[in-house]
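J.: Okay, predicted coordinates and the sequence, questions at the end:
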Amino acid sequence: MDHSRIIENLETNQIVFSRFILNKNREEYLWKPNEKSWCMLEVVCHLYDEEREDFKARIKHVLSTPDKPLPMFDQIAWVKDRSYIEQDYNNMAEKLLAERINSITWLKSLKKPSWKNANNHPKLGPLSAEHFLANWLAHNFLHIRQLTRLQFQYLQQATNNELSYAGTW
């Protein structure tokens, strides 16, 4: 696994996220295609919390204390518990982008990390630092896809146009 390439992709995704999330109006960032879906505000809050409390924190944990249990959390519950829908969108977007810069700086500062260090997850078994690194990038791609779809659907309803001429999903 090319760890430096994954880190480069995480850094590139900071730029991608900034293009996707900055300069949105209230209607755009609160719009949902249905009640079960997340709006952009909720996605941004989720990404911010994941950046701080999941991937980076778990990599740090596995690199420094692989024998100690991983802290458990419920990221789905965070949506309601942390009142994502009530957060200030622009503030959360800026916090997410700043936190990504901090993450990249930290990842690049690591000197010969033991990427094979693993922690025994109670449900998933051994999970290595490189496993969390790869999943961090995969998580980014999933939410880039989600943000793209939200913006496509918003455009469709906002312009009241059928957009199949552009192509299909």
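T.: Sure, I can see it. Residues are numbered from 1 along each chain as shown.
J.: Go ahead and flag the most central residue of this structure.
T.: Nearest to the geometric centre of the chain sits residue 47, at 3.5 Å (C-alpha atoms, centre = their mean).
J.: per-residue pLDDT, it?
T.: Note for residue 47: predicted pLDDT of 98.
J.: what's the helix or strand for the closest residue to it other than its chain neighbours?
T.: Excluding its sequence neighbours, the residue lying closest to residue 47 (C-beta to C-beta, 6 or more residues apart in numbering) is residue 96, at 5.4 Å. (Each C-beta comes from the backbone N, C-alpha and C, glycine too.) For residue 96, the host element (DSSP states H and E) is helix 89-109.
J.: in that helix, what counts as buried?
T.: For helix 89-109, burial by neighbour count (16 or more other C-beta atoms under 10 Å) applies to 89-90, 92-97, 99-100, 103-104, 107.
J.: now do stretch 4-16
T.: 6, 7, 10, 11, 13, 14.
J.: Now tell me what touches stretch 145-152 from outside.
T.: Under the criterion C-beta atoms under 8 Å, 6 or more residues apart in numbering, residues 17, 20-21, 28, 31, 33, 37-40, 43, 163, 169 lie in contact with stretch 145-152.
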